[in-house]
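Chemist: Sequence unavailable; structure follows:
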């Protein structure tokens, strides 16, 4: 493989070319030397870089969490990875043709590889120059909308009863709120989104 093409695409020249190769190698091509651990590490580094970048945004903790989740989700990273051409540089077995996770994972692995090779500042430069932070991402605030709806009618703000019904391996929260004799339920992997989903269910019914 011509590593110079990859480096030109991502805007970074590696000192250790093995890290670059590892970031692009799937387990189907090499069970021992692949990008799975880099993907794991890159996911954490990417979350930190994005969190630091959006920290000063005038949003609540829940909104910041949602914005970060949208920026680092597979659906957001896949087109970025394709734009850089990482999908075409992947080293994989000939029969490995339908691995949808491989494309966004390549970006996470590359983030970790740049970090390990050049440090945090180089990793930040890579992420800042490739992720589109300026794009407007609509964060829906159903809790805020519900509160405004009730206050405009002279009603009290709703109270949420939220329970952790999951496990450390599979988080699952259930939120309930009662309004006008009816109970509305929302579920999600985190508490904030479960409450948002409960508020969404209530709004849908009230606006009818």
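Modeler: Thanks, I have it. Not measured: the values here are computed from a predicted model.

Chemist: Name the residues of the top helix by length along the chain that are buried.
Modeler: Determined from DSSP state H, the single longest helix within the chain is helix 36-54. Buried residues in helix 36-54, counted by 16 or more other Cβ atoms under 10 Å: 38, 39, 41, 42, 43, 45, 46, 48, 49, 50, 53, 54. In this view, the C-beta of every residue, glycine as well, is placed from N, C-alpha and C.

Chemist: now do stretch 161-181
Modeler: Neighbour counts using 16+ other Cβ under 10 Å place 162, 173, 174, 175, 176, 177, 179 of stretch 161-181 among the buried residues.

Chemist: Stretch 181-192 now?
Modeler: Buried residues in stretch 181-192, defined by neighbour count with 16+ other Cβ under 10 Å: 184, 186, 188, 190, 191, 192.

Chemist: cool, stretch 150-158 as well?
Modeler: Neighbour counts over stretch 150-158 (16+ other Cβ under 10 Å) mark 150, 158 as buried.

Chemist: same deal with stretch 69-80?
Modeler: Buried, per 16+ other Cβ under 10 Å, within stretch 69-80: 69, 71, 72, 76, 77, 78, 80.

Chemist: For stretch 79-96, could you pull out the residues that count as buried?
Modeler: For stretch 79-96, by 16+ other Cβ under 10 Å, it's 80, 81, 84, 86, 89, 90, 91, 92.

Chemist: in what helix or strand does the residue nearest to the fourth one when sequence neighbours are not counted lie?
Modeler: Setting aside the residues directly before and after it, residue 86 is nearest to residue 106 in space (Cβ to Cβ, 6 or more residues apart in numbering), at 4.3 Å. When secondary structure is defined by DSSP states H and E, residue 106 falls within helix 102-118.

Chemist: Give the next helix or strand downstream of that helix.
Modeler: Taking DSSP H and E, what comes next after helix 102-118 is helix 120-130.

Chemist: ok, residues contacting that following helix?
Modeler: 10-12, 45-46, 49-50, 53, 80, 83-84, 107, 110-112, 114-115 (Cβ atoms under 8 Å, 6 or more residues apart in numbering).

Chemist: Give me the angle between that helix and helix 36-54.
Modeler: On the basis of axes from the mean of the first three to the mean of the last three Cα atoms, to 10 degrees, helix 120-130 is oriented at 80 degrees to helix 36-54.

Chemist: Okay, buried residues for whatever helix or strand comes next after helix 120-130 please.
Modeler: On the C-terminal side of helix 120-130, the closest following helix or strand by DSSP H and E is helix 142-151. Residues 142, 143, 145, 146, 147, 149, 150 are the ones in helix 142-151 that count as buried (16+ other Cβ under 10 Å).

Chemist: Fine by me, thanks again.
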